[in-house]
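model this:
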Amino acid sequence: MGADSNESLNSLSVFLTGIPGLEAQHGWISILFFTMYIVAIVGNSLIMAAVQADPALHEPMYLFLSMLAITEVGVSVSTVPTVLGILWFDARRVDFDGCLAQMFFIHTFSCMESGVLLAMSYDRFVAIYNPLRYTAILTLPRIICMGLGITLKSMALMAPLPVLLRQLPYCHINILSHSYCLHSDLIQLPCGDTKLNSILGLAIVLATFGLDSLLIVVSYVLILYTVLGIASGEGRWKVLNTCASHICAVLIYYVPMIGVSVMHRAAKHASPMVHTVMSSIYLFVPPVLNPIIYSVKTRPVRQGIVTLFSCRRELL
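Coordinates of the predicted model:
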C-alpha cells in the first residue's frame, strides 16, 4: 500500500447505523441492553469468584465453567459499550483501526467460547466414560494447557482478518448496518477484490465453529452410547442430568449462530433491523443466560455463590 493510501486509512472512519427503524425507541432499548450488560458482567464475575474462592469447585468441570465465564465477559465488554454509546450519545462514528480492533476481539472471544464449549463436552465425556480416572486424566496442568491452546488458536486464526482488511482500498462511504464491527459486514466495504478475505473467513468458520460443533455432537453420541450401557433407568437419568447445563449452553450459543448464518445467506433482502436483532441475540444472550442456567441447574455453583456472599457479609 502506498503512503497516500496509508494516510487515507489513518483518517478513515466507519459509521454505525445502530438499530435501523427503531431510532425512536433507542431510550427504551438502551435500558434492555444496559440491564443485559450488567447481568452478564455480574453473573459471570460471580461464577469466576465462586470457583476461585470455594475449594469444592476446584474440579475440571468448574474450571472450564470459569473459562466460559471469562470469554462471555470478553464478548460483552467488546460489544455492549459501543451499542450503549450509540443509544445514549448517538456516537455512531468509529475510527477504522478501532473498528478493526473491535472486530478482532469480538471474533476472538466468540471463537474461544466455542473452544471452551468443546472442552466442556470432552470433560463430560471423560466424567461419564471413565469416572474413576476423571481427575487423573483432567489434571490442572492439562486444563491450563487446554485453556492456553484455545486462546492462542483463536488469536492466531483471527489475527490475519484485520491485517488483510487494512490492505484493501476504501473509496466510498463506509456504513455498517450494525452497532458494532463484524467481519461479515466490514468485508462489504472495500472497493477492491475481497475474494481472499472471503475464503479465509469461510475457512476460519469451518475450522473453528464447524469443527467444534461436529466434535461436540460426536462427544454426545459417545456419551449416549455409554449411558445406554447403564442398567438402571434412574442411573441413566442421573448421569444425563450432569450434562443438562452444558447442553443448554451449547444450544444457546449455536442455535442463534446458525440463525445468523442462515439470515446472511437465505434472507439477504430482509430488513436490516432483522439482521441486527439476530446478531445481537447471538452475541448478547449467551453471556446473560449461561450464568443463570449454571446457577439454577448446578447445586455446587449455587452453593459456592451463596458461600461467597456469606463470607463477604462476615468480613463486613
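
mind checking the longest helix of this structure?
With residue count as the measure and DSSP state H as the assignment, the chain has helix 96-129 as its longest helix.

okay, and for the chain, where does confidence drop off?
Within the chain, the segments meeting pLDDT under 70 span 1-11, 172-173, 231, 264-272, 312-316.

just give the nearest non-adjacent residue to residue 281, would you?
Distance criterion Cβ to Cβ, 6 or more residues apart in numbering; nearest residue to residue 281, sequence neighbours excluded, is residue 256 at 4.8 Å. C-beta: built from backbone N, CA, C; applies to glycine.

next one: the one you found from residue 128, what distance?
28 Å (Cβ to Cβ, to the nearest Å).

same check on residue 240?
Here residue 240 is placed at a distance of 9 Å from residue 128 (Cβ to Cβ).

what helix or strand is residue 193 located in?
Residue 193 is part of no helix or strand when elements are defined by DSSP states H and E.

that one: how many residues sit nearby?
The criterion is other Cβ atoms under 10 Å. On that basis, residue 193 has 10 neighbouring residues.

apart from its neighbours in sequence, what residue is nearest the spatially most central residue of the chain?
The residue lying closest to the centre of the chain (Cα atoms, centre = their mean) is residue 110, at 3.4 Å. Of all residues beyond its chain neighbours, the one nearest residue 110 is residue 75 (6.3 Å), with distances taken as Cβ to Cβ, 6+ apart.

measure that neighbour to residue 32 for me?
Look at residue 75 and residue 32: by Cβ to Cβ, they are 17 Å apart.

tell me where this structure has helices.
Counting by DSSP H, the chain has these helices, from start to end: 3-10, 26-53, 60-89, 96-129, 134-137, 140-158, 160-166, 183-186, 195-205, 211-228, 233-241, 244-266, 272-297, 299-315.

so which of those comes closest to residue 20?
Ranking the helices of the chain by their distance to residue 20 (criterion: Cβ to Cβ) puts helix 272-297 first, at 4.7 Å.

what angle separates that closest one from helix 96-129?
Helix 272-297 runs at 40 degrees relative to helix 96-129, counting by axes from the mean of the first three to the mean of the last three Cα atoms, to 10 degrees.

who are the packing partners of helix 272-297?
Helices and strands touching helix 272-297, by 3 or more Cβ pairs under 8 Å, 6 or more residues apart in numbering; DSSP states H and E, are helix 26-53, helix 60-89, helix 96-129, helix 244-266, helix 299-315.

of the ones you listed, which is nearest residue 224?
Each of the helices and strands packed on helix 272-297 was checked against residue 224 via Cβ to Cβ, and the shortest separation belongs to helix 96-129, namely 9.7 Å.

so residue 51 sits right up against residue 57, yeah?
Yes. In this structure residue 51 lies within contact range of residue 57 using Cβ atoms under 8 Å: 4.5 Å.

between the two, which has more neighbouring residues?
It is residue 51, of residue 51 and residue 57, that has more neighbours when counted by other Cβ under 10 Å, with 25 against 22.
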